[in-house]
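Trainee: quick one, what's the 3D model for this:
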Amino acid sequence: MDSVSVNKFRENLKYFVELVVNDHRPLKVTRRNGEDFVVISSENWQREQETLYVLQNNHLVKQIADSSLSHSGKAGYIATEEELDEIVGV
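Mentor: Alright, predicted model coming up:
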């Protein structure tokens, strides 16, 4: 993660906002008193929140683990050609 002083951030706000939003790279802004903060895009924030939700939900984590096991063992559901066509929009 890139880091910049609060003064440099303030002086170049537009540049840093564009960098964070367009490149999806979080930016750590440092302050003299040590209370730093991080700037991230709204899209990245949403992704982080969704990830946290899943990781905090034991039922979903178990479903993911079970799915991974069945997939690696080739024991999961196998879609028909028609279902695959519908999924990929062919």
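
Trainee: was I right to think residue 55 contacts residue 49?
Mentor: No. Using Cβ atoms under 8 Å, residue 55 is not in contact with residue 49; the gap is 10.9 Å. Where C-beta positions appear, they are placed from N, C-alpha and C, glycine not excepted.

Trainee: now the strands for the protein?
Mentor: With DSSP state E as the criterion, the chain has strands at 2-5, 27-30, 37-39.

Trainee: ok, so what distance separates the closest residue to residue 44 other than its chain neighbours from residue 55?
Mentor: The spatial neighbour of residue 44 that comes closest, neighbours along the chain excluded (Cβ to Cβ, 6 or more residues apart in numbering), is residue 24 at 5.6 Å. Distance of residue 24 to residue 55, computed by Cβ to Cβ, to the nearest Å: 20 Å.

Trainee: residue 86 too?
Mentor: Distance, residue 86 to residue 55, by Cβ to Cβ: 31 Å.

Trainee: give me the below-cutoff pLDDT ranges for the chain.
Mentor: Residue ranges of the chain with pLDDT under 70: 90.

Trainee: domains of it?
Mentor: The record's domain parsing of the chain by automatic domain parsing lists 2-40, 43-79.

Trainee: circling back to that earlier point, of the strands of the chain, flag the one that's most buried.
Mentor: strand 27-30 (a mean of 16; mean count of other Cβ atoms under 10 Å).
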